[in-house]
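Chemist: Curious how this folds, go ahead:
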Amino acid sequence: DIIEANRREAPARVGAIAPVDVIVPAQNTSLEPTQTSFLQALNIASKITRGTIEILNDVHLIKAGDKVGASESALLQKLDMRPFFYSLEIATVYDDGQIFDAAILNITDETFEGFMATGIKNIASISLAANIPTIA
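Modeler: This next block holds a predicted model:
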C-alpha cells in the first residue's frame, strides 16, 4: 500500500515503450487555432470553438507496447497529459538469509487466518491420533 501510494505520474517521452494504451478524450483544449495543422498531421478530428481547438472524438493515440513518437509526445505535452506512472515493483524479498517471491507480500488477513486455522486443525488431529490431549 505504501509503494502504491507513492506512484508518480510521468510524461510520455520520445522513444519510450508505452506500458498502457493512451487515449486522448474528446475535449475543448487550450490550444490556439494556429495548432490545427498539428492535430491534422496526427489525423485527429478537430474544430475551432471560441478561440480554442476542440477535439471532436476520443483518439487512441498510443497502443501499449508501442514506441512513443515525437508527435505523440509533443501533443500530450501540449495537452498537459501525463499518461504513464512510475513506481517501485518488488520482484523478490530477502529476509534472514532467505529469498521469497513478492507474491508472499500479497497475503490478506483472511488468507493468513485460514492458514492458522488449518495448522491448528492439523495439530489437534495429530494429538488425537497420538492419544495426547491438547488445548487445540
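Chemist: which residues in the protein form helices?
Modeler: For the chain, helices defined by DSSP state H occupy the ranges 2-5, 36-41, 70-78, 109-129.
Chemist: Pull the third one out as CSV, backbone CA atoms only.
Modeler: Okay, so that is helix 70-78. This file holds the C-alpha atoms of helix 70-78, laid out as CSV (Å, rounded to 0.1, in the frame of the first residue of the first chain):
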residue,chain,number,x,y,z
ALA,A,70,7.9,12.7,-31.3
SER,A,71,4.4,14.0,-32.5
GLU,A,72,2.5,12.0,-29.9
SER,A,73,4.8,13.1,-27.1
ALA,A,74,4.5,16.8,-28.2
LEU,A,75,0.7,16.6,-28.3
LEU,A,76,0.5,15.0,-24.9
GLN,A,77,2.8,17.7,-23.6
LYS,A,78,0.7,20.5,-25.1
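Chemist: Just the pLDDT at the spatially most central residue of the chain, thanks.
Modeler: Nearest residue to the geometric centre of the chain (C-alpha atoms, centre = their mean): residue 85, 6.4 Å. In this model, residue 85 is scored at 82, pLDDT.
Chemist: from what I can see it touches residue 9, true?
Modeler: Yes - using C-beta atoms under 8 Å, residue 85 makes contact with residue 9 at a distance of 6.1 Å. For the C-beta atoms, the positions are set from N, CA and C on the backbone; glycine is no exception.
Chemist: Spell out the residue ranges of the strands in the chain.
Modeler: 8-10, 22-24, 27-28, 46-49, 52-55, 59-62, 84-86, 92-95, 98-101 (DSSP state E).
Chemist: Format those strands as a markdown table; extra columns: distance to residue 77.
Modeler: Below are those laid out as a markdown table (distance: least, C-beta to C-beta, whole Å):
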| stretch | distance to residue 77 |
| --- | --- |
| strand 8-10 | 12 |
| strand 22-24 | 12 |
| strand 27-28 | 15 |
| strand 46-49 | 17 |
| strand 52-55 | 15 |
| strand 59-62 | 12 |
| strand 84-86 | 13 |
| strand 92-95 | 36 |
| strand 98-101 | 39 |
